[in-house]
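# Have a look at this fold, sequence not included:
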């Protein structure tokens, strides 16, 4: 939550609203990367690609 | 009130700890990990700082990181957008790291800090001043000026690549900024790469190469014209516009467009192993002179906007001590202060000071502490002896007086002496506590140390350490230079007459030529990066210089950092012994121990 609070303050201050969707997509990608690195899940995710 | 400053993840990671606005400990991570310019999180440096003060993380009032990660990320994304699709490879490399770690920088910082000690530090605020504010704070607060113009110049922080600020009492006000991609630091780095040196590492080699250029020659003028016509536009206030068609640093890993530069300058990018030719030296001189021209314009603007003739400087470009010397000589300012660690490492100190004076609104001290550079680890005679016992080297304990006497005699006998005393220096220069010393009166000494001690390029010059009270006898220097960050010329009456064909001699022959009384510590153009030494700055080093002066009537010693090529300056007695054993250093002084190589 701390991250989103900081990020909201940053975009409000800088008025860079276009950063929001980009960050969201990048975080989803990051989430996939982290889970792909998890040994239990990786065979299943790997097979998707 | 303790505040910890941290710089990390780009180059030259470091930590600095301040107590009531006074730095009590500071060190670069490279000194502990033994990896030059190491960029990792500075675990060792932080541990050392806390240990030195005898505190835990939970005792801190704030932890301050030296830049704003979100703002940097914004700059990266906007740059990729502007350069798309050419930066896709760099984008794909960078984004996983950002989306996994760097975006969640606070968590990353907290996780890293938790590895240092287990004391709960949830209540300690994490602060993030802008990169150039950290630089400005590192320059202004340690200075003795009540009011000053502050000029910071480097490659890039978040968006700013240079800034002009006004420092007044405990406040800093930003007056003007130059933004990415227009950057004096990146311009200099681009030439560093083109001339075969490593970016963020070899800039001082380029600066050392410049005096070999043929001053006022047609080729240097031609190069300068090309740079000004094609690569950049310089404005009257010192700001620059860099024509991006010739540069590649926004979207690629290489700094420049190689093909275009080859056509422009008439020779290819030099490989690191390739011989340095006169055209390389001439190009180095051209970009050095243009950099000086830009910096002088910026100084003029800074003094005009701030209405102050005191100047503080920081940022990587402030380590260009040749330009610093020109600023001092220009008459544009009365006094110059360049903090010892002016580069990114110094950002850690600046971040901590900005936290103290700006965030906590604390007033500055009326008197400045004397020690602003000997802030690293110290090893007592007992621990030195323990290390020496394991080394297989011959050593003897000498009292202070005998130590100075014997060391001075050894130096006067043309021997190379490594001098390891007290607390390690903060910043890139060895200032008499982790130094290799030699008699500057022997012209061949420079070549000997380059070849047999430092194992580095033969064109690299050496610096003089001189007794403060004698500096005006030798150099045209208007103020003390205790941190070795100002270059000045040797006095005319100390110079030998050079032969007509001096400029045509090979580089190393010019360096080793008998140019003056202290040839080995003076560059080919009679310039020198001076360290003035007073009894207040460094009592032991001062005593050694004084003894040497009494013995030889020469108040100068050649002073170079105690390391070998590509390695950081030594930190521990063991590091010192390892370098001593593997190089052509004749004698080593560790604390009060005089060490020789002859085996038992």
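Looks like it came in fine. What you are looking at is a predicted structure, and each value in this text was computed from that prediction instead of being measured.

# how many neighbours does residue 29 have?
Looking at chain A here, since you left the chain open. Burial of residue A:29 is recorded as 15 neighbouring residues (other CB atoms under 10 Å in any protein chain shown). Any C-beta I mention is one placed from the backbone N, CA and C, and that applies to glycine too.

# try chain B instead
Residue B:29 has 28 nearby residues by other CB under 10 Å.

# Equivalent analysis for the one 3 residues further on, please.
Other residues lying near residue B:32 total 21 when counted by other CB under 10 Å.

# could you say which helix or strand contains it?
helix B:30-33 (DSSP states H and E).

# residues of that helix that come out buried?
B:30, B:31, B:32, B:33 (16 or more other CB atoms under 10 Å in any protein chain shown).

# dump the residue contacts of the residue of the stretch 301-450 of chain B found nearest chain A.
Closest approach between the stretch 301-450 of chain B and chain A, counting by CB to the nearest CB: residue B:359, at 16.1 Å. Residues near residue B:359 by CB atoms under 8 Å, 6 or more residues apart in numbering or on different chains: B:62, B:64, B:127.

# ok, residue 3 - contacts?
Because you didn't say which chain, this covers chain A. B:103, B:104, B:106, B:107.

# try again with chain B
B:17, B:18, B:60, B:61, B:62, B:63, B:64, B:352, B:355, B:356, B:360.

# In which helix or strand does it reside?
strand B:2-7.

# Can you list the strands that that strand pairs with?
strand B:14-19 (antiparallel), strand B:62-65 (parallel) (DSSP bridges).

# in chain B, which helix has the most residues?
The longest helix of chain B (DSSP state H) is helix B:278-306.

# Pull out the buried residues from that one.
So, applying 16+ other CB under 10 Å, buried residues of helix B:278-306: B:278-303, B:306.

# How about the residues of chain A by chain B?
A:2-3, A:6-7, A:10, A:14, A:16, A:19, A:22-23, A:26-27, A:29-30, A:33-34 (CB under 8 Å from any CB of the partner chain).

# check contacts around whatever residue of the stretch 1-150 of chain B ends up closest to chain A.
Closest to chain A within the stretch 1-150 of chain B is residue B:99: 3.3 Å, counting by CB to the nearest CB. Residue B:99 is in contact with A:26, A:27, A:29, A:30, A:33, counting by CB under 8 Å, 6+ apart.

# 6 Å instead, please
Residues in contact with residue B:99 (CB atoms under 6 Å, 6 or more residues apart in numbering or on different chains) are A:26, A:29, A:30.

# residues near residue B:203, how many?
22.

# how close does the residue in chain A that chain B sits nearest to sit to residue B:69?
In chain A, the residue that lies nearest chain B is residue A:30 (3.3 Å; CB to the nearest CB). To residue B:69, residue A:30 is 15 Å away according to CB to CB, to the nearest Å.

# and what of residue B:32?
24 Å.

# And the helices in the stretch 351-500 of chain B?
Along the stretch 351-500 of chain B, counting by DSSP state H, counting those that start in this stretch, helices occupy B:381-389, B:400-412, B:445-448, B:471-474.

# Columns mean pLDDT, distance to residue B:515 and mean neighbour count on top of the ones you listed, output as JSON lines?
Formatted as JSON lines, the helices of the stretch 351-500 of chain B follow (pLDDT from 0 to 100; distance: least, CB to CB, whole Å; neighbours: other CB atoms under 10 Å in any protein chain shown):
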{"stretch": "helix B:381-389", "mean pLDDT": "97", "distance to residue B:515": "38", "mean neighbour count": "15"}
{"stretch": "helix B:400-412", "mean pLDDT": "97", "distance to residue B:515": "20", "mean neighbour count": "18"}
{"stretch": "helix B:445-448", "mean pLDDT": "94", "distance to residue B:515": "11", "mean neighbour count": "20"}
{"stretch": "helix B:471-474", "mean pLDDT": "96", "distance to residue B:515": "13", "mean neighbour count": "18"}
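
# In JSON lines: the ones you listed, plus distance to residue B:310.
Compiled in JSON lines, the helices of the stretch 351-500 of chain B are given as follows (distance: least, CB to CB, whole Å):
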{"stretch": "helix B:381-389", "distance to residue B:310": "41"}
{"stretch": "helix B:400-412", "distance to residue B:310": "37"}
{"stretch": "helix B:445-448", "distance to residue B:310": "36"}
{"stretch": "helix B:471-474", "distance to residue B:310": "21"}
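
# helices and strands of chain A: which one bottoms out on pLDDT?
The weakest-scoring helix or strand in chain A, judged by mean pLDDT, DSSP states H and E, is helix A:42-48 (a mean of 53).

# now residue B:562, nearest residue through space, not along the chain?
Closest residue in space to residue B:562, ignoring its immediate chain neighbours: residue B:434 at 4.4 Å, by CB to CB, 6 or more residues apart in numbering or on different chains.

# Kindly report the same for residue A:2.
residue B:106 (6.4 Å).

# distance between the helix or strand hosting that neighbour and the chain's centre?
Using DSSP H and E, residue B:106 falls within helix B:105-114. Mean-position distance between helix B:105-114 and its chain equals 28 Å (CA atoms, centre = their mean, to the nearest Å).

# From the contact counts, what lies against the following helix or strand past it?
Next along the chain after helix B:105-114, taking DSSP H and E as the criterion, comes strand B:126-127. Under the contact criterion of 3 or more CB pairs under 6 Å, 6 or more residues apart in numbering or on different chains; DSSP states H and E, strand B:126-127 touches strand B:62-65.

# Tell me the helix or strand right after the strand it packs on.
According to DSSP H and E, the helix or strand after strand B:62-65 is helix B:69-83.

# Mind listing residues that contact that following helix?
A:10, B:87, B:91, B:105, B:158, B:159, B:250, B:251.

# same question, stretch B:496-503
B:214, B:515, B:516.

# rerun that using 10 Å as the cut-off
Residues outside stretch B:496-503 that contact it (CB atoms under 10 Å, 6 or more residues apart in numbering or on different chains): B:212-215, B:217, B:278, B:505, B:509-510, B:513-517, B:519, B:524, B:526.

# near chain A, which residues of chain B?
On the criterion CB under 10 Å from any CB of the partner chain, chain A has as its neighbours in chain B the residues B:68-71, B:73-74, B:77-78, B:81, B:95-101, B:103-107, B:110, B:128.

# Show me which of those are buried.
Applying 16+ other CB under 10 Å to these flags B:68-71, B:73-74, B:77, B:95, B:98-100, B:103-105, B:110, B:128 as buried.

# residues touching residue 16, list them.
Defaulting to chain A. A:10, A:22, B:70, B:71, B:74, B:77, B:78.

# nope, chain B
With contact set as CB under 10 Å, 6+ apart, residue B:16 has these partners: B:3-7, B:23-28, B:42, B:45-46, B:49, B:64, B:66, B:138, B:341, B:345-353, B:375, B:426.

# Buried members of the residues you listed into PyMOL, please.
Remark: buried members of these, expressed as a PyMOL selection using 16+ other CB under 10 Å:
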select buried, chain B and resi 3+4+5+6+7+23+24+25+26+27+28+42+45+46+49+64+66+138+341+345+346+347+348+349+350+351+352+353+375+426
